[in-house]
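Chemist: Task: produce atomic coordinates for the following.
(2 chains)
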There are 2 protein chains.
Amino acid sequence: MKEVKIIQYGVGAMGSLMVKAALKRNGLRLVGAIDQGKKGNMDLGEAIGLNRKLGISISGNPQTLLRNIDADLILHATSSFLDEVYPQITMALEGSMNVVSICEELAYPWYRHPELAEKFDRLATENGVTVLGTGVNPGFSLDALVIHCTGLCAEVKRITAKRISDSSLYGPKVLDRRGLGLSVDEWKKRGSEKKITGHIGSHESMGMIGDSLGWDLDETTEMPIEPIIAGVTIDLPYRKVEKGTICGYNQKAYALMGGEKVILFENEGRVYGKGQEHRTEDSVHIEGSPEIKLTIRPGLPGDLTTSSMAVNLIPDVVAPRPGNWWRKRSEGDAFP
Amino acid sequence: MKEVKIIQYGVGAMGSLMVKAALKRNGLRLVGAIDQGKKGNMDLGEAIGLNRKLGISISGNPQTLLRNIDADLILHATSSFLDEVYPQITMALEGSMNVVSICEELAYPWYRHPELAEKFDRLATENGVTVLGTGVNPGFSLDALVIHCTGLCAEVKRITAKRISDSSLYGPKVLDRRGLGLSVDEWKKRGSEKKITGHIGSHESMGMIGDSLGWDLDETTEMPIEPIIAGVTIDLPYRKVEKGTICGYNQKAYALMGGEKVILFENEGRVYGKGQEHRTEDSVHIEGSPEIKLTIRPGLPGDLTTSSMAVNLIPDVVAPRPGNWWRKRSEGDAFP
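Modeler: Numbers count the residues shown, from 1 in each chain, chains lettered A, B, ... in the order given. Purely as a prediction, here's the structure:
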């Protein structure tokens, strides 16, 4: 298997973890990096907090970099929203580069953005490459894991999935979007200006489940975000959250079919102070035949699992293996 | 999507459940059945305990049936052992029929039977069809689920997986093989004659995990089977197990790499009497980064989940979808 040459697109908190994960893998080689924020022109190694240079200067100009560097794959971590990543992904596919992105809305674009999904599909196929949106959620907890488990069922009536997670290690972008450290009044004001979001990707996960089960969903709905107030002051790598300010959110979402709630989600993302009990978990409850109750406790750490998913899926994305189901699994893999 | 025409090969306890599952699915049509035991010449509906005929006479002669009936796929449930199913699978593939089998040793033949796996692979490819061995274990609990979860990890050091299951609904073939209802002495005697087995498929599951992680395993080992003695008399659909006789087994297995145990399995299969607490569960513990602890409780019912897995995977086996990762998931699906 030939070495996979990678450009890291986006060197924020998550992008840095993706670079660190990629550096540990045999068969992967970083050949470039892009960041349109203040990390432009820094050395990639220093930018991600290694104590050494990697000899890769971070470019602030994606057009030029993608044109001048020969790479097989873009590891992509710039935004949760499809309209923001659209031109970036398009540029990569047009340059015949595979894409693995942690953009939440790219995890299953067919449900809410079918024309765009179709366009990406066509563009990737025409250029002989693959594009994948992945991560722990969307990408695992509330969708792929659920779908994997429904394979055990003769009948599925209703799915309840919950992710209660610790957001302590996320970057300032996500913390801002969730309003961490704001007073309740400020949080409400920003919420009314649509500047506060909870989890992104519930619609995508529900669409993925619905299509997998052949369910023709009436609609998917996200309930209003509920704030969680810090009981103690919390020191985070990227933020100090004072006691009495916002330290997280809880949000429910559901999908209707024939007027009945057939998929129920609960997402909670919060940060914890010293000595506070972490009650994180990921759980799936399938009502059907048989009934299945699955729990992962403590909950999956979002930063590490999302970056791992992205890097672990590179061999599959670079070398799709059509045909026989159980062709030897390790064949074509670039690593452990 | 055109209808998938199916022949059920093996109409025992598991085969009967597979037929019942297939009958409930749109897009599947049973066109034939084979059983070389005493169900030959019976109507399939009556043989599986429906109160109606299905108009399909069970044939005792596979050669003739496979030659004379046009089918797309064989649903196969005759034996746990590859040497016994080998001629049956070969015949089906040579007749250009896809195969979904619950033969445990077929779940991942590459590890212990690489030449045979290669031969099946070639035969399937030459005839434009696919062959899959699946079920809850091997096929899910101790392998596919584990592998799915390792996708979340930056590093995997050791895997411990456990399946504690209720065997009450298995057929006489499995109950005999496990020695249920025998006295301890008789159980030991048959054990020394190699007539008693625990779970079949540990080697296959460990091989599948090892190859998926790119681990070069030194060896895989099954420990001696330990008997479980019935504390009460237990009435089963296919057997009466008297108090004081054998009501189940517990068996450990492990894989070594570099002299270290890197995969540890525990399988327990037993039956329960009225009022006895069922302590079934399936669990996965991954030591690595991050550590993952997953529990399914109560444990997955083996009969229902194995037959569901086999039937649910039919669309994928009949219509493999090469290429783009997130081509719309429901595309090409024959059902739900």
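Chemist: how much space is there between A:Asp83 and chain B?
Modeler: 18 Å (Cβ to the nearest Cβ, to the nearest Å). C-beta here means a position set from N, CA and C on the backbone, and glycine is covered the same way.
Chemist: number of nearby residues for that residue?
Modeler: 10 (other Cβ atoms under 10 Å in any protein chain shown).
Chemist: Test my guess that A:Leu313 contacts A:Thr134.
Modeler: Yes: A:Leu313 lies in contact with A:Thr134 (Cβ atoms under 8 Å); the separation is 5.7 Å.
Chemist: okay, and the common contacts of these two?
Modeler: A:Val100 (Cβ atoms under 8 Å, 6 or more residues apart in numbering or on different chains).
Chemist: can you pull out the helices in the stretch 151-300 of chain A?
Modeler: A:172-177, A:184-192, A:202-213 (DSSP state H, counting those that start in this stretch).
Chemist: Columns mean pLDDT on top of those helices, output as CSV?
Modeler: Shown next, in CSV, are the helices of the stretch 151-300 of chain A (pLDDT from 0 to 100):
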stretch, mean pLDDT
helix A:172-177, 88
helix A:184-192, 95
helix A:202-213, 93
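Chemist: re earlier: neighbour count for A:Leu313 and A:Thr134, which is higher?
Modeler: Counting neighbours by other Cβ under 10 Å for A:Leu313 and for A:Thr134 shows that A:Thr134 has the greater number, 25 against 17.
Chemist: Could you count how many residues lie near the residue lying closest to that one once chain neighbours are set aside?
Modeler: In space, and not counting its chain neighbours, A:Thr134 is closest to A:Met309: 5.0 Å by Cβ to Cβ, 6 or more residues apart in numbering or on different chains. Other residues near A:Met309 come to 24 when the count uses other Cβ under 10 Å.
Chemist: average pLDDT for the helix or strand encompassing A:Met309?
Modeler: According to DSSP states H and E, A:Met309 maps onto helix A:302-312. For helix A:302-312, mean pLDDT is 94.
Chemist: show me the contacts for the residue in the stretch 51-200 of chain A positioned nearest to chain B.
Modeler: Using Cβ to the nearest Cβ, the closest approach of the stretch 51-200 of chain A to chain B is made by A:Leu152 at 4.1 Å. Residues in contact with A:Leu152 (Cβ under 8 Å, 6+ apart) are A:290, A:292, B:136, B:140, B:300, B:305, B:308-309.
Chemist: Check it and give its pLDDT.
Modeler: Looking at A:Leu152, the pLDDT reads 95.
Chemist: Pull the number of nearby residues for A:Glu226.
Modeler: A:Glu226: 12 neighbours (other Cβ under 10 Å).
Chemist: Then the one 10 residues further on?
Modeler: Counted with other Cβ under 10 Å, the burial measure for A:Leu236 works out to 19 neighbours.
Chemist: returning to that earlier point: list only buried entries from the contacts of A:Leu152.
Modeler: Using 16 or more other Cβ atoms under 10 Å in any protein chain shown as the burial test, the contacts of A:Leu152 include A:290, A:292, B:136, B:140, B:300, B:305, B:308-309 as buried.
Chemist: just to revisit the earlier point, so which of the helices of the stretch 151-300 of chain A is the most surrounded?
Modeler: helix A:202-213 (a mean of 26; mean count of other Cβ atoms under 10 Å in any protein chain shown).
Chemist: and that helix, what does it pack onto?
Modeler: For helix A:202-213, the packing partners by 3 or more Cβ pairs under 8 Å, 6 or more residues apart in numbering or on different chains; DSSP states H and E come out as helix A:144-150, strand A:219-222, strand A:246-257, strand A:260-270.
Chemist: ok, now with 10 Å
Modeler: helix A:144-150, strand A:155-166, strand A:219-222, strand A:246-257, strand A:260-270 (3 or more Cβ pairs under 10 Å, 6 or more residues apart in numbering or on different chains; DSSP states H and E).
Chemist: Tabulate those (CSV), appending mean neighbour count and distance to A:Val99.
Modeler: Listed next are the helices and strands packed on helix A:202-213 as CSV, based on neighbours: other Cβ atoms under 10 Å in any protein chain shown; distance: least, Cβ to Cβ, whole Å:
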stretch, mean neighbour count, distance to A:Val99
helix A:144-150, 22, 18
strand A:155-166, 20, 25
strand A:219-222, 16, 25
strand A:246-257, 21, 27
strand A:260-270, 21, 26
